[in-house]
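S.K.: Here is my input; please provide its structure:
(3 chains)
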Amino acid sequence: MDKWVLIDGNSIIYRAFFAMPPLTNSAGLHTNAVYGFTTMLLKLLEEEKPTHMLVAFDAGKVTFRHEGYEAYKGGREKTPSELSEQFPVLKELLQAFSIPQYELPGYEADDIIGTLSRMADEQGVETVVVSGDKDMLQLASDHVTIALTRKGVSEVERYDPAEINEKYGLTPLQIIDLKGLMGDTSDNIPGIPGVGEKTALKLLHEYGSVEGVLANTAALKGKMKEKVETHQDSAVMSKRLATIFREVPLEKGAAELTYGGYDAHALADMFRKLEFKSLLERLELPEAGGAAAGGPAAAPTYEVATAASLGRSELTQLLASSESVYIETIGDNPHQARLVGLAVASGERVAVLTYDDLMDPALSAPVRGWLEDGQAPKRGYDLHKAELALGWLGISLRGIAFDALLAAYLLDPTESSQTLAALVQRHGLAPIQTDDAVYGKGARLQVPEGAVLANHLAAKADAVRRLLPLLSEALEQGNMTKLNDELELPLAVVLAGMEKQGIQVNPAVLEDLGAELEKGISQYMSDIYTHAGMEFNIGSPKQLGEVLFEKLGLPVIKKTKTGYSTDAEVLEKLEPYSEIVKMILHYRQLTKLQSTYVEGLLKEIRRDTGKVHTYYRQTIAATGRLSSQFPNLQNIPIRLEEGRRIRKAFVPSEPGWSILAADYSQIELRVLAHISGDEKMKEAFIEDADIHTKTAMDVFGVTADNVDANMRRQAKAVNFGIVYGISDFGLSNNLGITRKDAARFIEQYFAVFQGVRAYMDNIVAQARQDGYVTTLLERRRYLPEIKASNFNLRSFAERTAMNTPIQGTAADIIKLAMVKMDAEIRNRGLRSRMLLQVHDELVFEVPPEELELMKTLVPEVMESAIALDVPLRADVSYGDNWYEAK
DNA sequence: TAAGCATTT
DNA sequence: AGCTGAAATGCTTAC
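M.R.: Just a heads-up that it's a prediction; the model follows:
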């Protein structure tokens, strides 16, 4: 059976260019678009196994569409040179792939593809059209599916006529009418001004086509009628422009599209020239061939020795000269993880010890001694987790000197996979097996024994060893060596200490609260059933939606992808319509407390310690914040009194001690004042004024006495919005005012805080130029989508550019404070313990004789963690439990 | 496993 | 015309 794959070359290379971060080879040639294109091709070849292929390109500037409409594709920004220089490279690459390419003067790529897909239709050949352009949907048929690129380039979404109907309620041919009505700014196709996708769809569902709409203008009303009538001609012309021409006089027939696979050597040469190292490894070269400069990474060679096979003195020697260690645990929660074994690499030799070996004193004595020796440096992967797993077995891990996971996180905190196998691939090293492949997952998880396990652990220790110089060099290149060595690495050790310590939880408090909640929940449940006139599962958004919007007929405010939205925002708007709404909100509140905080927390209390031991993850949040799991102690309720009572269960672990909490006051706005240098905002903090009141005074132009609660509330919302990368839409939503008023409000704000405006403009420009933003301590976040043509993607990246330096610098600062506070406690020989971090707050347990000291020491350390142009302020409080420390 | 909802800073 | 405030985790339901 034949299978054709037709690729819209121009569309895909554009998509690839904007989707990929900037990339050049050492000759300075930009390669990102070609790279993206290549990954897409490889994936397509593998998935589709085409018998025929073609990449079509636009030829020249003028096409038949310009006849009669010269402005077609006018007003486009010139193709950036970084992209245009990649066109010839792409064509060369396609040759190396042996994929036919074609262009024809006077026609665009989509006309060529349209013509071929018509031929495919006539011959009944299964065909896939690959493009980033929605217009192509008009070509879909029983035989032809359209694969549109999504996010990035290598991911595509496939459409056949049924799926187009499902998504738009249109036939493929009606896609042309859709564009005729709504136009397309990128091609300068006007459509009917004021008619967007929503309106166009409505009209088409009603009248079927552009002609149908025009024949029925009489049935339209008001503004819409006016618009349609005045722009009739435009709609007709737009439809003509949007129609793909399917009768191009091609000089190529199907026979010339035959695809017989590529010559791996030719392709490898091309990849070497472009320096696509990871792709080079994916190529299966028939024989290794010239391992010339830049050739594929050779399989590493190392010797694997077991503890038993090595003599004690040999093992001791290997440890002394060790370059890397890999400590394997299985399980997500490191406090309960199973230690599988470890491997230590020195040069080409790797020693492996399984769990059983480690538990055998005769075999493991040298290794235990080495692990606990603070003078013996450990360079490994996720040593924070290893330290915890070992800790629960009574083995301490000291001398942590480098962590590949932490380094990888700093190099790109948004990377979705930071597994060792992924890192190895990312850095162009010979691949190692994934954990899933070796251990299986879920129900099929099974740790192998003997040589299979030993080889896997050895491969990982060797992989870490090979990664180390690459990661160190990359950190150096990114100015992050200091951040790594002096902040993140020491912090990992501090965190492990806090986690091992844990925080005491009084189960009786939770159980009492749980019993009380139970009563409330059953009461609300029966009231809700009565009101609804039926019993149903209130916890099911689907069933709840049916009851509220179908049975009770409440107005639908918002829809989700799958049905009616019933979130709190929606329910609050529905309150006036039925008493049931308030009950549901209460019910939700109580069940949340019950399941997540009462039952959830009780389950996490360890029998042996009576404590919960959270796990702070240092490599998750894109901004540099920590995250907390098992349980998450960074979202314990505080806003509402009912929930806040959960905090009464968090108590000191020793009688007579206190819980002491200190939190930074307005740290993010202080950071903003510093990095923007805004004089007005700096002044407010230097005077230690109430920032929201001060903002209200300046924005509304009134004196302090005349700032009422509402003005302050609005100012507060704007301050929050500023930190998050404000938009008038977001603010209007938040304050319940019109978008216009919100926009005016923001305008006034920026008129006062001109330095803030300048910062926001500059940081976005900088992100666009560099491709990334940084925090005060040089933490980095890449924002490739800042150049996206998709408005939503781009806007999101812009807000991220504004927010990340602020949120990330605040994260840097509290991390600094934690490392310093830990040192203070140790150096002063204090018994007080640091237990928790909640983004801008640190929580300690403190013996009575240290209370007075800690009340001043903690805020002092926090406030002096770093010197900014504005003072930092930390407020401290304490009590018999976390609730009282307010 | 994903979606929807709720919780925090 | 777009339809959007930043960063997280956990529970329940539905597929």
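S.K.: Not counting its own residues, what contacts the biggest strand by length in chain A?
M.R.: Assignment by DSSP state E gives strand A:338-346 as the longest strand of chain A. Residues outside strand A:338-346 that contact it (C-beta atoms under 8 Å, 6 or more residues apart in numbering): A:302, A:318-319, A:321-331, A:350-355, A:357-358, A:367, A:370, A:389-390, A:393, A:447, A:453-454, A:457-458, A:460-462, A:464-465. Glycine gets a C-beta too; all of them are placed from N, C-alpha and C.
S.K.: any idea of the mean pLDDT in the helix or strand that it is followed by?
M.R.: Next along the chain after strand A:338-346, taking DSSP states H and E as the criterion, comes strand A:349-354. Mean pLDDT, strand A:349-354: 97.
S.K.: Tell me the neighbouring strands of strand A:349-354, and mark each as parallel or antiparallel.
M.R.: strand A:303-306 (parallel), strand A:338-346 (antiparallel) (DSSP bridges).
S.K.: Flag every buried residue along the first one.
M.R.: Going back to what we said before, that points to strand A:303-306. If you call a residue buried by 16 or more other C-beta atoms under 10 Å, then strand A:303-306 has these buried ones: A:304-306.
S.K.: for the residues you listed, which one is nearest DNA strand B?
M.R.: The shortest gap between DNA strand B and any of those belongs to residue A:304, at 31.6 Å (C-beta to the nearest atom of the strand).
S.K.: Out of the strands paired with strand A:349-354, which gets nearest to DNA strand B?
M.R.: Comparing the strands paired with strand A:349-354 under C-beta to the nearest atom of the strand, the one sitting nearest is strand A:338-346, at 19.3 Å.
S.K.: mind listing what's buried in the closest one?
M.R.: A:339-346.
S.K.: got it, and stretch A:64-72?
M.R.: A:65, A:69, A:72.
S.K.: Let me see the mean pLDDT of it.
M.R.: 73.
S.K.: any idea how far residue A:763 is from the residue in chain A positioned nearest to DNA strand C?
M.R.: Closest to DNA strand C within chain A is residue A:721: 2.1 Å, counting by C-beta to the nearest atom of the strand. Relative to residue A:763, residue A:721 is positioned 16 Å away (C-beta to C-beta, to the nearest Å).
S.K.: circling back to that earlier point, for residue A:478, which of the strands paired with strand A:349-354 is the nearest?
M.R.: strand A:338-346 (25.8 Å; C-beta to C-beta).
S.K.: from the middle of its chain, how far away would the closest one be?
M.R.: The chain centroid and the centroid of strand A:338-346 are separated by 31 Å, computed with C-alpha atoms, centre = their mean, to the nearest Å.
S.K.: could I have it exported to CSV, CA atoms only?
M.R.: Output of strand A:338-346 as CSV, limited to C-alpha atoms (Å, rounded to 0.1, in the frame of the first residue of the first chain):
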residue,chain,number,x,y,z
ARG,A,338,14.3,1.6,48.5
LEU,A,339,18.0,1.7,48.2
VAL,A,340,18.9,-0.5,45.2
GLY,A,341,22.7,-0.1,45.2
LEU,A,342,25.5,2.2,44.2
ALA,A,343,28.3,2.5,41.8
VAL,A,344,31.6,4.4,42.0
ALA,A,345,33.6,5.2,38.9
SER,A,346,37.3,5.9,38.7
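S.K.: Could you list the low-pLDDT ranges of chain A?
M.R.: A:60-61, A:73-78, A:150-152, A:154, A:185-186, A:222-223, A:284-298 (pLDDT under 70).
S.K.: Domain parsing of it, as residue ranges.
M.R.: A:3-257, A:303-502, A:505-612, A:669-809 (automatic domain parsing).
S.K.: quick one: is the longest one near DNA strand B?
M.R.: So the one you mean is domain A:3-257. No. Using C-beta under 7 Å from any atom of the strand, domain A:3-257 stays clear of DNA strand B, coming no nearer than 12.7 Å.
S.K.: Pull up the distance across that domain, start to finish.
M.R.: Its first and final residues considered, domain A:3-257 spans 11 Å by C-alpha to C-alpha, to the nearest Å.
S.K.: and that domain with DNA strand C, contact?
M.R.: Yes. On the criterion C-beta under 7 Å from any atom of the strand, domain A:3-257 is in touch with DNA strand C at A:185, A:193-198.
S.K.: which non-adjacent residue is nearest the residue of chain A closest to DNA strand C?
M.R.: residue A:731 (5.0 Å; C-beta to C-beta, 6 or more residues apart in numbering).
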